[in-house]
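Q: A predicted structure for the sequence below; I have some questions about it.
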Amino acid sequence: MLCAAVGSLMVTEAVKLITGVGRSMLGRVALFDALGGSWREIKVSKDPEAEPITELTDYEAFCGITPAPASDSVPTVTPTELSGMLEARAAGERDFELVDVREIGEHEIVSIDGSVLIPQGRILAGEAWTELPQDKEIVFHCKGGTRSAAVLAAAQRAGYTRVSHLDGGILAWVHDVEPNKPVY
């Protein structure tokens, strides 16, 4: 309930600020008492002794910390690229493991030929690392890409370097490559 109440207020404020309609919460703070189911308002005013802010502060430098280098992107494979990879694998020109991290019921509805089912829960619990090859490339996939991205991150933390995941998951695969297969 708390998230919904606060989220609703935030969305309402965004709409008011964008459209210019209504009285915005600028200069005020709303406090929500979830147990009492009530709102309180606190007025916030400028500190008359505070210096005006004229430029943004580089907080990393101000705090003496070095930001971690951001990875440019999560290694992904498009459905079309994966289709080509599977053709190359069938021709003996490429070796990789395609791992479906969905649950068995999902895999039974629709799957990509040549994939191996190892559910996300088993991988994240540490039960399936021995089933994943260290010596060849691995492509993870799930329904839409969220679970496979989580498994990809866990695999990278576990020392796997030749890993990627199917962008958009099996839904994108069916849409782009095998439109006659079912979706759920």
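A: On my side now, so go ahead.
Q: helix, strand, or coil at Ala5?
A: helix (DSSP: H, G, I helix; E, B strand; the rest coil).
Q: without its sequence neighbours, what residue ends up closest to it?
A: Phe32 (5.5 Å; CB to CB, 6 or more residues apart in numbering). Backbone N, C-alpha and C define where each C-beta goes, glycine included.
Q: next: Pro119.
A: For Pro119, ignoring the flanking residues on the chain, the nearest one in space by CB to CB, 6+ apart is Glu103 at 5.4 Å.
Q: pretty sure that neighbour contacts Arg122?
A: No. Using CB atoms under 8 Å, Glu103 makes no contact with Arg122, being 10.2 Å away.
Q: how far away is the most centrally placed residue in the chain from Leu152?
A: A centroid search over the chain (CA atoms, centre = their mean) returns Thr146, at 5.4 Å, as the residue closest to the centre. Computed as CB to CB, to the nearest Å, the Thr146 to Leu152 distance reads 11 Å.
Q: where does pLDDT dip in the chain?
A: With pLDDT under 70 as the threshold, the chain has low-confidence stretches at 1, 66-73.
Q: what do you get if the cut-off is 80, keeping everything else the same?
A: The chain contains residues with pLDDT under 80 at 1-2, 58-73.
Q: just the helices in it please.
A: Under the criterion DSSP state H, the chain contains helices at 2-19, 59-63, 79-90, 104-109, 120-124, 146-157, 169-176.
Q: out of the ones you listed, nearest to Glu41?
A: Closest to Glu41 of those is helix 2-19 (CB to CB; 11.3 Å).
Q: list of residues touching the closest one?
A: Residues from elsewhere that reach helix 2-19, judged by CB atoms under 8 Å, 6 or more residues apart in numbering: 21-25, 30, 32, 34.
Q: any idea which of the residues you listed has the most stuff around it?
A: Highest neighbour count within the contacts of helix 2-19: Met25, with 16 neighbours (other CB atoms under 10 Å).
Q: contacting residues around Ile118?
A: Per CB under 8 Å, 6+ apart, neighbours of Ile118: 99-101, 128, 131-132.
Q: among these, name the buried ones.
A: Among the contacts of Ile118, those buried by neighbour count (16 or more other CB atoms under 10 Å) are 99-101, 128, 132.
Q: among those, name the ones in strands.
A: Among the buried ones among the contacts of Ile118, the members falling in strands (DSSP state E) are 99-100.
Q: quick one on the thing from earlier: pipe the contacts of Ile118 into CSV and attach distance to Gln156 per row.
A: Output for the contacts of Ile118, formatted as CSV (distance: CB to CB, whole Å):
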residue, distance to Gln156
Val99, 14
Asp100, 19
Val101, 14
Ala128, 16
Glu131, 17
Leu132, 12
